[in-house]
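Engineer: have a look; sequence and predicted model below, questions after that.
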Amino acid sequence: VQLVESGGGLVQPGGSLRLSCSASGFTFHYYVMKWYRQAPGKEREWVAGVTRDGGVKDYSESVKGRFFISRDNRRRTVSLQMNSLKVEDTAVYYCKAEALGSNSEYWGQGTQVTVSS
């Protein structure tokens, strides 16, 4: 099982980045996909989630209207489009797969996003 994030980097405030998470080794379309982030010295927090068919998406209040999650079950990927980035969005971003009704879950290794001028 693998979840591999990519797309992180350094961006100026107000800029955009698109993160991607590529999945392998499990039945991707059975899993709810989520993005989390962890800033230095802080707890890991949930950022966004998308249902198995991609039909329902939800966001934390801190990113609502700026971040957009999507998934492609054929390509086994989940993405996070991040717009109007703020310094406080700086964190390591992780994707997570969760199977409903079971304890099965997987995490990626994370990708660093740094928002700084």
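Structural biologist: Nice, thanks for sending it over. Numbering: from 1, shown residues only.

Engineer: list the contacts for the spatially most central residue of the chain?
Structural biologist: If you average the C-alpha coordinates of the chain and look for the closest C-alpha using C-alpha atoms, centre = their mean, you land on Trp35, 2.8 Å from that point. By C-beta atoms under 8 Å, 6 or more residues apart in numbering, Trp35 lies in contact with 19, 21, 46-49, 69, 78, 80, 93-96. For the C-beta atoms, the positions are set from N, CA and C on the backbone; glycine is no exception.

Engineer: and the residues you listed, which are buried?
Structural biologist: Among these, those classed as buried by neighbour count (16 or more other C-beta atoms under 10 Å) are Leu19, Cys21, Val47, Ala48, Gly49, Ile69, Val78, Leu80, Tyr93, Tyr94, Cys95, Lys96.

Engineer: which SSE is the fifth one in?
Structural biologist: Assigned by DSSP states H and E, Gly49 belongs to strand 45-50.

Engineer: can you give me the offset of stretch 40-55 from its chain's centre?
Structural biologist: Here the centre of stretch 40-55 is set off from its chain's centre by 6 Å, with C-alpha atoms, centre = their mean, to the nearest Å.

Engineer: any idea how far apart the tips of stretch 66-85 sit?
Structural biologist: Between the opening and closing residues of stretch 66-85 we find a distance of 8 Å, counting by C-alpha to C-alpha, to the nearest Å.

Engineer: buried sites along that stretch?
Structural biologist: Neighbour-count burial for stretch 66-85 flags 67-71, 73, 76-82, 85 (criterion: 16+ other C-beta under 10 Å).

Engineer: with stretch 28-46 instead?
Structural biologist: Residues of stretch 28-46 classed as buried by neighbour count (16+ other C-beta under 10 Å): Phe28, Tyr31, Val32, Met33, Lys34, Trp35, Tyr36, Arg37.

Engineer: reformat those as a markdown table; add distance to Gly101.
Structural biologist: A markdown table is the format used below for the buried residues of stretch 28-46 (distance: C-beta to C-beta, whole Å):
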| residue | distance to Gly101 |
| --- | --- |
| Phe28 | 17 |
| Tyr31 | 11 |
| Val32 | 11 |
| Met33 | 16 |
| Lys34 | 16 |
| Trp35 | 21 |
| Tyr36 | 21 |
| Arg37 | 26 |
